[in-house]
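*Asks:* okay, predicted coordinates and the sequence, questions at the end:
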Amino acid sequence: MKIKKLLFFVLSLSFVCLQAQKSSKYNGEGPFNQLIIRGVTLINGNGAPPKGPVDIVVENNVIKSIKVVGYPGLKIEDKNRPKLKAGGKELDANGMYLLPGFIDSHAHIGGVPQGAEPDYVFRLWMAHGVTTIREPSGRGVEFALKLKKQSAAHKIVAPRIFVYTGFGEGAKTPIVTAQQAKDWVHKNAKNGADGIKFFGGSPTVLQAAISENKKLGLRSAFHHAQLSVARWNVLNSARAGLTSMEHWYGLPEAMFTDRTVQNYPLNYNYQNEQNRFEEAGKLWQQAAKPYSKKWNDVMNELIALDFTIDPTFNIYEASRDLMRARRAEWHETYTLPSLWRFYQPSKKSHGSYWHYWGTEQEVAWKNNYKLWMTFINEYKNRGGRVTAGSDSGFIFQLYGFAYIRELELLREAGFHPLEVIRAATLNGAELLGVADKIGSVEVGKLADFVIVEENPLENLKVLYGTGAIKLTKDNKVVRVGGVKYTIKDGIIYDAKRLLKEVANMVKQAKAKEHFKIIQPGMNN
Ligand SMILES: [Zn+2]
């Protein structure tokens, strides 16, 4: 008896250890030879209205059928439902909503100064339904390509990754001629990158690099930094063959009618980030007025060139409301101490331009946003492609959470929630050139899905990991939503479990240094 008890104890102990080991390596469930998601309401990425209940059948990561199985409010009859094959998996999603996996079109995989490593960043994205990212340079092409392979092989919890190399990365000497530019572009393609991210350069170099890259069939993104924008704005890029612009710089400059450079104060210094961001906040007012001839001409030409705009509204939001961004409720649980320190006012850290940020700066930025959003919404209305990108890891914006905020800001710009979802899904897939495989829920496409218990069209906040606030019938305050399952390549991830893992990482990092979030300039 005693031995039996001991044996039982040892066995259960090893079981517990095994479980612990397993949980530290949680890598989703699947793939399955067949996966049937039952009874869900489909919100597609193609602008179609919601439809359900449907049963979605996936076989070996390919969507095989999307079958309507009933009517809202009525019990589903079993006889017409797709049958489960041996070894298959059923996911009961009755009453839930299913969307295509989200695409974050501007997603840096953490950073050294932020102390944000892929494990942490990837989980935050996946926990918010992000199944694909475009990495617009950051920690080197080798770093990103290695993770891309691991993700594709399902060795790590990560979205699928498209890698855009920072232009000039790895070049032994600065690129100053057209030939050097072309050589670099060819080498980048050979290295296996998906595209190039530009920041600036001379017109000669940019013309050669952008057009050569396009010839090779690769894609390109451009953050038109202020240093080059007087000679080369968004319109120059689009004409040369750039496929997408990031943020918004270079766009007002393409619409100047009474100047050729921004109205820089004479003591401006680009290395002073309060200068840089404060003056940027006055830039849209210096461009052609909405619906004026110049404004229309630029917009129409960009659309004719099939040019994508990836606005990343959220990353500037602290400029119009610093307190909102720094007091976001998720910081306490999900922001690493290193990341919090990186966000603090500093003359060195990028995006920490709070030397003296007050009412004047915030009001200017609020007006800046209005003009910017007016352009983006009309661009969409005229058939231009707009995507959802977050650019997280700077300016108090946290991976995953900030992506959902981006969706809210597209809504604020005037997008219908279905247009928001399309920006987040199908438009992102088109931007990457993979709309035949991902971006909408269609037979023949891959099984990348987001499943949530609440209707995200009614309230995009239900997509936040922290959920949305709701009062019950009996006056009780609850949280609803938070993505329930993220499915990538037919593998089911428990989104809340991923979030819990992140919370634990943060807890451990805090315990190590007895860290507590304290607001800038306060003592406790
Ligand atoms: Zn960026």
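*Replies:* In hand now; what should we look at?

*Asks:* in this protein, which residue is closest to the centre?
*Replies:* residue 104 (2.6 Å; CA atoms, centre = their mean).

*Asks:* wait, that residue touches residue 130, no?
*Replies:* Yes: using CB atoms under 8 Å, residue 104 is in contact with residue 130, at 4.8 Å. In short, each C-beta sits where N, CA and C put it, glycine included.

*Asks:* what sits in contact with each of these two?
*Replies:* Here residue 104 and residue 130 share the contacting residues 159, 403, scored by CB atoms under 8 Å, 6 or more residues apart in numbering.

*Asks:* straight-line length of stretch 153-170, end to end?
*Replies:* End-to-end span of stretch 153-170 (CA to CA, to the nearest Å): 27 Å.

*Asks:* for that stretch, which positions count as buried?
*Replies:* By 16 or more other CB atoms under 10 Å, the buried positions in stretch 153-170 come out as 154, 157-169.

*Asks:* export those residues as TSV, with columns for secondary structure, pLDDT and distance to residue 488.
*Replies:* Output for the buried residues of stretch 153-170, formatted as TSV (DSSP: H, G, I helix; E, B strand; the rest coil; pLDDT from 0 to 100; distance: CB to CB, whole Å):
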residue	secondary structure	pLDDT	distance to residue 488
154	coil	96	9
157	coil	98	9
158	coil	98	8
159	coil	98	7
160	strand	98	7
161	strand	98	11
162	strand	98	14
163	strand	98	17
164	strand	98	20
165	strand	98	24
166	strand	98	26
167	coil	98	30
168	coil	97	32
169	coil	97	28
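
*Asks:* make CSV out of the residues you listed and add distance to residue 76.
*Replies:* Converted to CSV, these look like this (distance: CB to CB, whole Å):
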residue, distance to residue 76
154, 32
157, 33
158, 35
159, 32
160, 33
161, 38
162, 38
163, 43
164, 44
165, 49
166, 51
167, 54
168, 57
169, 54
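
*Asks:* from the residues you listed, which is closest to residue 57?
*Replies:* Closest approach to residue 57 among the buried residues of stretch 153-170 (CB to CB): residue 154, at 20.8 Å.

*Asks:* apart from its chain neighbours, what residue comes closest to that closest one?
*Replies:* Using CB to CB, 6 or more residues apart in numbering and skipping residues adjacent in sequence, the residue nearest residue 154 is residue 491, 6.3 Å away.

*Asks:* isn't residue 123 right up against residue 504?
*Replies:* No: taking CB under 8 Å as the contact criterion, residue 123 and residue 504 are not neighbours in contact, 10.3 Å apart.

*Asks:* those two: which is more packed in?
*Replies:* Between residue 123 and residue 504, counting by other CB atoms under 10 Å, residue 123 is the more crowded of the two (27 against 12).

*Asks:* check which helix or strand covers that one.
*Replies:* Per DSSP states H and E: residue 123 is located in helix 118-127.

*Asks:* mind listing what's buried along the helix or strand hosting residue 143?
*Replies:* Per DSSP H and E, residue 143 falls inside helix 141-152. When neighbours are counted by 16+ other CB under 10 Å, the buried residues of helix 141-152 are found to be 141, 144, 145, 147, 148, 151.

*Asks:* any idea how far the last one is from residue 432?
*Replies:* Taking CB to CB, to the nearest Å as the criterion, residue 151 is separated from residue 432 by 14 Å.

*Asks:* before we move on, back to that, of the buried residues of helix 141-152, closest to residue 78?
*Replies:* residue 151 (37.6 Å).

*Asks:* for residue 465, see how far away the residue nearest to that closest one when sequence neighbours are not counted is.
*Replies:* Spatial nearest neighbour of residue 151, chain neighbours left out: residue 158 (3.9 Å); criterion: CB to CB, 6+ apart. Residue 158 sits 17 Å away from residue 465, going by CB to CB.

*Asks:* residue 235 now?
*Replies:* Taken as CB to CB, the span from residue 235 to residue 465 is 39 Å.

*Asks:* quick one, which of those two is more surrounded?
*Replies:* The neighbour count for residue 235 versus residue 465, taken as other CB under 10 Å, is higher for residue 465 (24 against 20).

*Asks:* look up how far residue 515 lies from that one.
*Replies:* 21 Å.

*Asks:* hang on, the earlier thing: need phi/psi at the residue nearest to the centre of the chain.
*Replies:* phi -90, psi 110 (degrees, to the nearest 10).

*Asks:* contacting residues around it?
*Replies:* By CB under 8 Å, 6+ apart, residue 104 lies in contact with 125, 130, 132, 133, 134, 159, 388, 389, 390, 403, 428.

*Asks:* which one of those is nearest residue 415?
*Replies:* Top of the list for closeness to residue 415, among those and by CB to CB, is residue 388 at 9.9 Å.
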